[in-house]
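[1] using only what follows, build the 3D model:
(one chain, ligands or ions: 1)
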Amino acid sequence: MFRRDWMTPLGLWIMMAALAVAEPPYSALIVDGQNGHDWKSTSPVLKQLLEETGLFKVDVATSPPKGQDMSVFKPNFAAYNVVVCNYQGDDWPEETKKAFVDYVQGGGGVVIYHFACAAFPNWKEYNEIIGLGGWGRRTPEWGPYIRWRDGKVARDPAPDSKKTGSHGPAQPFQLVVRDPDHPITKGLPAKFMHVDDELYGWLRGPAKNLTVLATAFAPADKGGAGENEPLLFTVQYGKGRVVQNALGHAPEQLKSVAFIVTFQRAAEWAASGKVTQKVPDDFPGPDKASVRE
Ligand code: ZN
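    Sure thing, here's the model as predicted:
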């Protein structure tokens, strides 16, 4: 006879409790497959960082390699609460591009991670979604540089500068919170240190509905513009919530608690519009970076 003991109230309770533990509230999709950076070593870390919050079930959509037939690449963006872009490469098929724009427009969340800001220079909607981009021969027509000057956002059209996305040698830098009331930054120290990393500068783009959350000063004698560069910011696109986190060149930089926590909080906010995660005890202060092995 088939045993039905597991259907006892206690058995049912255990089963339901197990289900409750096993089912995170949000789903995330990491998109990769091509990137001027080593996406094969960063995507697994990003996946783990999302999963360890207990908030995300994570899938990865990997595109065909560079130069291969992209017509088969059709991730079901609409099935997710947040899409993490770790992609920079060949154009997606029109159908996929439209599905992505519809997803964001309709309220989908997006996290643009590090070099994904260099993707798709000629895709108008992508540039509106990411707010600011770099590299890819973006010119002044793409939009202004965004800097933080005199306590507020400054749009610098820089019509004569062809520079679009650059950084000096990897260096430790301090992030300064510019919007302490946003759910992503609420409760973080006003200033916090990051490990040796590329300090992205000269990003430019349409920058519509853009909110700067944190900047870092890029000294001219270390390959920077001598400006406060926006490295963590949000964009509202339609009903969609977009966050760009410019930190995190390689797995070594993904050990930085400054990256880990801003990435995890950005993902939750993009997915849900709120942040429930506590600021961890090992979050860095203004002087010394904090690292998790
Ligand atoms: Zn990099």
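[2] can you give me the offset of the helix ranked longest in the chain from its chain's centre?
    Among the elements of the chain assigned as helix by DSSP state H, the one spanning the most residues is helix 257-272. Centroid separation between helix 257-272 and its chain, computed with CA atoms, centre = their mean, to the nearest Å, is 8 Å.
[3] same thing with stretch 162-178?
    Distance, stretch centre to chain centre, for stretch 162-178: 16 Å (CA atoms, centre = their mean).
[4] could you list the buried residues of it?
    Along stretch 162-178, these residues count as buried under the neighbour rule (16 or more other CB atoms under 10 Å): 163-168, 170-171, 173-178. To be clear about C-beta, it is placed using only N, CA and C from the backbone, and glycine gets the same treatment.
[5] quick one: the residue in the stretch 51-200 of the chain positioned nearest to the ion from residue 70, how far?
    Minimum separation of the stretch 51-200 of the chain from the ion (CB to the ion) falls at residue 198, amounting to 4.6 Å. Applying CB to CB, to the nearest Å, one obtains 28 Å for the distance of residue 198 from residue 70.
[6] tell me where the stretch 151-293 of the chain has strands.
    Shown for the stretch 151-293 of the chain, the strands assigned by DSSP state E, counting those that start in this stretch span residues 152-156, 171-177, 191-197, 210-218, 227-237, 240-245.
[7] please convert those to CSV, extending it with distance to residue 290 and mean pLDDT.
    Supplementary listing: the strands of the stretch 151-293 of the chain in CSV, determined by distance: least, CB to CB, whole Å; pLDDT from 0 to 100:
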stretch, distance to residue 290, mean pLDDT
strand 152-156, 28, 97
strand 171-177, 12, 98
strand 191-197, 8, 98
strand 210-218, 16, 98
strand 227-237, 17, 98
strand 240-245, 17, 98
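[8] show me what contacts the residue in the chain positioned nearest to the ion?
    Residue of the chain nearest the ion, by CB to the ion: residue 249 (3.5 Å). Remark: with contacts taken as CB atoms under 8 Å, 6 or more residues apart in numbering, residue 249 is in contact with 37, 114, 170, 197, 198.
[9] burial measure for the residue nearest to the third one when sequence neighbours are not counted, as a count.
    What sits nearest to residue 170 in space, not counting adjacent residues and going by CB to CB, 6 or more residues apart in numbering, is residue 196, at 4.5 Å. The local packing of residue 196 (other CB atoms under 10 Å) involves 15 other residues.
[10] enumerate every residue touching residue 196.
    Residues 170, 171, 172, 253 are the ones in contact with residue 196 under the rule CB under 8 Å, 6+ apart.
[11] cheers, nothing more for now.
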